[in-house]
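Peer 1: have a look; sequence and predicted model below, questions after that.
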Amino acid sequence: MREQTKQSSEGSSDSSEVRQDNITWSLVASVKDRMDFLGLLCLLMGFSPNNCSPHHAGGKAWEASVEEIGRYAEVAQKIIDLAVYGDARNRSYEKLARFTDTVGHRLSGSKNLEQAIDYMYNALKQDGLDNVHLEPVKIPHWVRGKENAVIVAPRIHPLAILGLGSSVGTPREGIEAEVLVVESFDELKQRANEAKGKIVVYNQPFVSYGETAKYRFFGASEAAKVGALASLIRSVTPFSINSPHTGWQHYEEEVPRIPTACITVEDAQLMARIAKRGQKIVIRLTMSAQNLPDVDSFNTVAEIIGSKYPEQVVLISGHLDSWDVGQGAMDDGGGVAISWEALSLLKDLGLRPKRTVRAVLWSAEEPGGVGAHQYYKRHKANISNFDLVMESDLGTFRPQGIQFSGKAQARRIMGEVMKLLKPINATKLEESAEGTDIEMWMDRGVPGASLLNDNSKYFWFHHTHGDTITVQDPEEMNLCSAVWAVVSYVIADLEEMLPR
């Protein structure tokens, strides 16, 4: 049974900037009644009331902030002890294992995703968390269908492929065509007169995910512009055991839509070698992929409601959907599990911070943060009440700290908070938080954080059949849960919101 509860506790307060030349003595008198001298000084200096906080000042005020954060050492240790050594040890892993073993993969628009939402909603309710509810969203519905590819010349060689999200299918009889192998978009343009009527195979080297994924995302349209019938893209990974990696791709407007899929690193390199020898390569490709109308879905929400400022929010998150291969345990079951577990740890310890800690489990991140963007539209009127937005979507391996986006003053505060995680050696604070689901908040000045962890093997398993619970380590997830709970709790319990 699902409940859809529209948030009504978040108030909207637009503070007007107070200019020095408009301050009157009557205003000063009223300010004195409700603010300390530092707050009055901020007003006289031209800061808005929202920025009149001890965190913005140096000297004794900053020392007071350091002292305030330092007082959380004992509670941080209690969270760590419970998560890593106590009754909650391995609990986030067990939650994830039970969830992924029960539901399996969770493609956007699929029945499996809706089953996952039902599962998670009921589990969060049974866990006794606050304000568990669902918020409706519309999400894409792409179906892979059957797919097959084989080299038929110069010899027979079956290809391991995974069609890319939003790809169209081939005609029922498939496509059989000669291959053009290129290593870059520049090479494709230089050899454009060779591409018409062929299947373009991209054998781009892996540089980084951010740099190399552009071939997966734009490769089909670039190939279509020069007359190709289909495109096959070397999987975006630094390591392969003949494993294709899927992912979303994008068609440009007014460009023919051609079928597209990823192939293995090994097969891309095989075809590059054969082509370099001057031999003709022919592939037969069949894909029955379909793009169906958008479907109704939900973001899943649970909270520990704040004791003093319940309308103010520290948001922690991961995405509930996955690809339709593997179990989606790493991407992003781990982020879901530690966000759930962070709330459970606070509940078990009877910790209720001043602000609300809200876990949001996003729907349809893989097609481009669809559920998160709709959540932002629903809640952006209350953006001033969002203190910190956090996302874990790059693995839950051994944590090192967090990546943070925010003003220098906020970074100083976060640096002090990270010192509380010294017992588990997770004190690093790096710049630039990452997260498709929180980027729109950060773009508008809300401080953001993402989990920094030893994810050097993340892209080995990313979007593959290998993304299963076997990839996860219970002890590392204990540590990640502790980081997530300590950071979210302390920030939510400080007397002042983070500066922005």
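Peer 2: It's in.
Peer 1: show me where the stretch 251-400 of the chain has helices.
Peer 2: 265-276, 334-348, 370-379 (DSSP state H, counting those that start in this stretch).
Peer 1: deepest in the core, which of the ones you listed is it.
Peer 2: helix 334-348 (a mean of 27; mean count of other CB atoms under 10 Å). (C-beta placed from N, C-alpha, C; glycine too.)
Peer 1: packing partners of that helix?
Peer 2: helix 91-103, helix 111-126, strand 290-304, strand 309-319, strand 355-362, helix 474-493 (3 or more CB pairs under 8 Å, 6 or more residues apart in numbering; DSSP states H and E).
Peer 1: could you give the mean pLDDT of that helix?
Peer 2: The average pLDDT within helix 334-348 is 99.
Peer 1: distance to residue 426 added to the helices of the stretch 251-400 of the chain, as JSON lines?
Peer 2: Shown next, in JSON lines, are those (distance: least, CB to CB, whole Å):
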{"stretch": "helix 265-276", "distance to residue 426": "33"}
{"stretch": "helix 334-348", "distance to residue 426": "13"}
{"stretch": "helix 370-379", "distance to residue 426": "25"}
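Peer 1: nearest to residue 105, out of those helices?
Peer 2: helix 334-348 (13.5 Å; CB to CB).
Peer 1: which among the helices of the stretch 251-400 of the chain is found nearest to residue 252?
Peer 2: Of all the helices of the stretch 251-400 of the chain, helix 370-379 comes closest under CB to CB, at 19.2 Å.
Peer 1: assign a three-state SS to residue 460, would you?
Peer 2: Look at residue 460: counting by DSSP: H, G, I helix; E, B strand; the rest coil, its state is helix.
Peer 1: pretty sure it contacts residue 245?
Peer 2: No: the pair residue 460 / residue 245 is not scored as a contact, 9.5 Å apart, by CB atoms under 8 Å.
Peer 1: so between the two, which is more surrounded?
Peer 2: In this view residue 460 and residue 245 are compared by other CB atoms under 10 Å, and residue 245 has more residues nearby, 29 against 19.
Peer 1: can you pull the contacts of the closest residue in space to the more buried one that isn't next to it in sequence?
Peer 2: Nearest non-adjacent residue to residue 245, counting by CB to CB, 6 or more residues apart in numbering: residue 235, 3.9 Å away. Residue 235 makes contact with 243-245, 262-265, 268, according to CB atoms under 8 Å, 6 or more residues apart in numbering.
Peer 1: pLDDT at residue 235, what is it?
Peer 2: For residue 235, the model assigns a pLDDT of 99.
Peer 1: okay, now residue 284: neighbour count?
Peer 2: 18.
Peer 1: now residue 176: how far from residue 229?
Peer 2: 9 Å (CB to CB, to the nearest Å).
Peer 1: more neighbours, these two?
Peer 2: Counted by other CB under 10 Å, residue 176 and residue 229 do not tie: residue 229 has more neighbours, with 21 against 16.
Peer 1: ok, now which ones touch the more buried one?
Peer 2: 175, 177, 197-199, 258.
Peer 1: also residue 78?
Peer 2: Contacts of residue 78 (CB under 8 Å, 6+ apart): residue 349.
Peer 1: quick revisit: pull up the overlap in contacts between residue 460 and residue 245.
Peer 2: Common neighbours of residue 460 and residue 245 (CB under 8 Å, 6+ apart) are residue 237.
Peer 1: quick one on the thing from earlier: ok, which of the helices and strands packed on helix 334-348 comes nearest residue 466?
Peer 2: helix 91-103 (13.3 Å).
Peer 1: give the buried residues for whichever strand or helix holds residue 158.
Peer 2: For residue 158, the host element (DSSP states H and E) is strand 157-159. The neighbour-count check on strand 157-159 (16 or more other CB atoms under 10 Å) flags 157, 159 as buried.
Peer 1: tell me which other helices or strands the helix or strand that that strand is followed by touches.
Peer 2: Counting by DSSP H and E, the element after strand 157-159 in chain order, helix or strand, is strand 161-163. Strand 161-163 sits against strand 147-153, strand 260-263, with contacts defined as 3+ CB pairs under 8 Å, 6+ apart.
Peer 1: tell me which of those sits most buried.
Peer 2: strand 260-263 (a mean of 28).
Peer 1: which helices and strands sit right next to it?
Peer 2: Strand 260-263 packs on strand 147-153, strand 161-163, helix 209-225, strand 230-234, going by 3+ CB pairs under 8 Å, 6+ apart.
Peer 1: in CSV, list those along with distance to residue 311.
Peer 2: Listed next are the helices and strands packed on strand 260-263 as CSV, based on distance: least, CB to CB, whole Å:
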stretch, distance to residue 311
strand 147-153, 49
strand 161-163, 44
helix 209-225, 36
strand 230-234, 46
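Peer 1: tell me which of the helices of the stretch 251-400 of the chain sits nearest to residue 446.
Peer 2: helix 370-379 (10.1 Å).
Peer 1: got the CA positions of that closest one in PDB?
Peer 2: Taking Å, rounded to 0.1, in the frame of the first residue of the first chain, the C-alpha atoms of helix 370-379 are listed here in PDB:
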ATOM      1  CA  VAL A 370      14.500  12.400 -14.100                       C
ATOM      2  CA  GLY A 371      13.000  11.800 -10.700                       C
ATOM      3  CA  ALA A 372      15.400  14.200  -9.000                       C
ATOM      4  CA  HIS A 373      14.700  17.000 -11.400                       C
ATOM      5  CA  GLN A 374      10.900  16.700 -10.800                       C
ATOM      6  CA  TYR A 375      11.600  16.700  -7.000                       C
ATOM      7  CA  TYR A 376      13.600  19.900  -7.400                       C
ATOM      8  CA  LYS A 377      10.700  21.500  -9.300                       C
ATOM      9  CA  ARG A 378       8.300  20.500  -6.600                       C
ATOM     10  CA  HIS A 379      10.400  21.800  -3.700                       C
END
